[in-house]
Each structure stands twice: as C-alpha cells, then as structure tokens.
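**Q** Based on what follows, work out the 3D shape:
(chains A and B)
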Amino acid sequence: RKEVEQDPGPFNVPEGATVAFNCTYSNSASQSFFWYRQDCRKEPKLLMSVYSSGNEDGRFTAQLNRASQYISLLIRDSKLSDSATYLCVVNIAGNQFYFGTGTSLTVIP
Amino acid sequence: DTEVTQTPKHLVMGMTNKKSLKCEQHMGHRAMYWYKQKAKKPPELMFVYSYEKLSINESVPSRFSPECPNSSLLNLHLHALQPEDSALYLCASSHYTSYEQYFGPGTRLTVT
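**A** Numbers count the residues shown, from 1 in each chain, chains lettered A, B, ... in the order given. Coordinates of the predicted model:
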C-alpha cells in the first residue's frame, strides 16, 4: 500500500470554477502535511502547509482530517494561472517525506 | 529569502564521465535533500542530510555519491551513470521545526 494516495486527474475546469483535490495517507503517525504546486519542467513550490484547524490563503483552503487520514485542497474562483500539477506531501517523522503522485489541473478559458 | 540555487541547470554526460551537481542555500536550514524526478512522476527521495550528516539513503546506487561540505552546501557526485539515470535532480532544504521544504530549480541531466 502506498504511503500517500492522490487522484491523478486530470481535472479540466472552466475559469471561475471551484475545484477540490484530496489525498489519503496510510501512516497514522504522520506529523506534517503540505500542498505543493509544480509547473511543467519547474521545481515544486510550497503552496501551503496544512494544519489541523484548517487554513486559508486567499482563494486556497486546506483541510486535514486526522480521523479519516486525508488532506484536501480547495481552490475557489479558478484562474488560468492555477493550471499546474498539485502534489500533496506527508512528513512521517524526522526528515522522511512521502509525495502523492500529483493531480493535474487545467483551467480552461 | 527562500532561495535554493542549483548548478548546472543542464548537464549532458557520457556513461564514463564523472560530474558533480551543486546546491546552495542561505536560509539557515539544517536539513538538505536530493530528489530525482522523472517526467510525469513525483519527486523520489534519494538522500537526506541532517546537520551535515547523512541521515537517509533510500537505497540509491553507489554511482551517486552525496557530500555535504558545510551547512549551506550539498553536492551530488556522479560516476558511471546509466541512460536510465537521466532525470531532473532537485535539491531542497527545510527548517527543523516547520519541515517546509524549499526546492531549487533542479539540474536536468541527460546520460548518453
């Protein structure tokens, strides 16, 4: 069983739509959770850390559900510039990180 | 400043060559990482250095040899690589308390 499972998509949504991505993780001892964005042929860039209480940054909202072992990312009012691959990352302990396979998002005009 | 730099940006090498990839950060992070990424796949962890000591080696072949000369620098020495080692090699660093990783732009390696 993979440590982190993520729906690869692709998600094709019109501008202005709301889109949600989920990731499930298998290790209940997982400690820290993150969403990264990766553009084609570029490095992953930290989008947001995910906290137990949930957190919001503008149009982006991240949630953590420890009981069900999943994290989510909600993007409201999608922009063309949101087109990218979104990676969920889970930190188990120390410096051990596990990446989801990434979800591809294309926002269509 | 959340910048991690990597050199070179691109590298083409033959299977008998020896080359090195370099990574630098000045954020005071004490954990540094090497990842390998193939097209349309997520990054795969190769090595982790913690306080300049190798703490994780994900069963990487010995033709890849990491080195951490000081807390700001990380090298990856390459020798006798195979064509299947062609990939994007990413360096990252993180602070010990937040574990937020910051990635460099990567070195795109082609082995011929």
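
**Q** use CA for all of it now, contacts and neighbours both
**A** OK.

**Q** residues from chain B in reach of chain A?
**A** Contact residues, chain B versus chain A (Cα under 8 Å from any Cα of the partner chain): B:31, B:41-45, B:48, B:56, B:90, B:99-106.

**Q** Kindly supply the PyMOL command isolating those of those that are buried.
**A** The PyMOL command for the buried members of the residues of chain B next to chain A (criterion: 16 or more other Cα atoms under 10 Å in any protein chain shown) is given here:
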select buried, chain B and resi 31+42+43+44+45+48+90+99+100+101+102+103+104+105+106
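
**Q** give the contact list for the residue nearest to residue B:50 when sequence neighbours are not counted.
**A** In space, and not counting its chain neighbours, residue B:50 is closest to residue B:31: 4.5 Å by Cα to Cα, 6 or more residues apart in numbering or on different chains. Shown in contact with residue B:31 (Cα atoms under 8 Å, 6 or more residues apart in numbering or on different chains): A:95, B:48, B:49, B:50, B:51, B:52, B:93, B:94, B:95, B:96.

**Q** and what of residue A:30?
**A** Counting by Cα under 8 Å, 6+ apart, the residues that residue A:30 touches are A:90, A:91, A:92, A:93.

**Q** Considering the residues you listed, which possesses the most neighbours?
**A** Most neighbours among the contacts of residue A:30, by other Cα atoms under 10 Å in any protein chain shown: residue A:90, with 25 neighbours.

**Q** restrict the contacts of residue A:30 to those near chain B?
**A** Answer for the contacts of residue A:30 near chain B (Cα under 8 Å from any Cα): residue A:91.

**Q** what's the closest of the contacts of residue A:30 to chain B?
**A** residue A:91 (7.7 Å; Cα to the nearest Cα).

**Q** about what we covered before: beta-bridge partners for the residue nearest to residue B:50, please?
**A** Residue B:31 has these beta-bridge partners by DSSP bridges: residue B:50, residue B:94.

**Q** And residue A:25, by the same measure?
**A** Bridge pairing for residue A:25 - DSSP bridges - gives residue A:4.

**Q** can you check residue A:21 too?
**A** Beta-bridge partners, per DSSP bridges, of residue A:21: residue A:73.

**Q** ok, the residue nearest to residue A:76 when sequence neighbours are not counted - contacts?
**A** Leaving aside its chain neighbours, residue A:76 sits nearest to residue A:18 (4.4 Å; criterion: Cα to Cα, 6+ apart). Applying Cα under 8 Å, 6+ apart to residue A:18 gives the contacts A:74, A:75, A:76, A:77, A:78.
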